[in-house]
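Asks: heads up, no residue letters with this:
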């Protein structure tokens with residue numbers, strides 16, 4: 001039997017506030033990643049927000065740097081390791097609009113630091 005260990009923080013992408021509330025109620029402590037303007041849920045131990053309405057592509061030549069989701073996840077991760085927020089075992093990302101969903105998915109694949117710290121998990125699993 002082969003054993004594998006993936007110590008990255010699981011991130012579940014959810015498309016509506018009802019699914020987020022249910023996921024917060026049923027599992028271990030969670031941080032939430034929200035689109036700017038989304039209502040803050042109760043039950044999360046930490047939260048970070050990102051702007052899903054970018055005028056340019058992520059990391060375009062004029063904007064440089066990393067995408068808004070990668071930066072928001074950095075803030076969550078650093079707050080966790082510095083003890084600035086309670087310890088969380090997972091991140092629940094609420095992205096209700098397709099551009100937000102695409103930004104979260106892209107950060108988990110294309111941003112090396114984000115991919116090293118977080119792994120995508122499907123809802124319920």
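Replies: Right, received. Where do you want to start? Nothing here was measured: the structure is a model prediction, and the numbers come from that model.
Asks: for residue 119, helix, strand, or coil?
Replies: Judged by DSSP: H, G, I helix; E, B strand; the rest coil, the three-state class of residue 119 is strand.
Asks: ok, how many other residues are close to it?
Replies: A count of neighbours around residue 119, defined by other CB atoms under 10 Å, yields 14. For the C-beta atoms, the positions are set from N, CA and C on the backbone; glycine is no exception.
Asks: close enough to count as contact, it and residue 108?
Replies: Yes. Shown here, residue 119 and residue 108 form a contact pair, counting by CB atoms under 8 Å, at 7.4 Å.
Asks: Which residues are in contact with each of the two?
Replies: residue 11 (CB atoms under 8 Å, 6 or more residues apart in numbering).
Asks: which stretches of this protein have low pLDDT?
Replies: Scanning the chain with the threshold set as pLDDT under 70 gives 1, 54-65, 124-125.
Asks: just the strands in it please.
Replies: Assigned strands in the chain, in chain order: 9-14, 30-35, 46-50, 90-94, 118-121 (criterion: DSSP state E).
Asks: Make a markdown table out of those and add distance to residue 73.
Replies: As requested, those are exported to a markdown table (distance: least, CB to CB, whole Å):
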| stretch | distance to residue 73 |
| --- | --- |
| strand 9-14 | 8 |
| strand 30-35 | 7 |
| strand 46-50 | 7 |
| strand 90-94 | 7 |
| strand 118-121 | 6 |
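Asks: out of the ones you listed, nearest to residue 112?
Replies: Taking CB to CB, strand 118-121 is the member of the strands of the chain nearest to residue 112, at 11.6 Å.
Asks: From the contact counts, what lies against that closest one?
Replies: On a contact count with 3 or more CB pairs under 8 Å, 6 or more residues apart in numbering; DSSP states H and E, strand 118-121 meets strand 9-14, helix 98-110.
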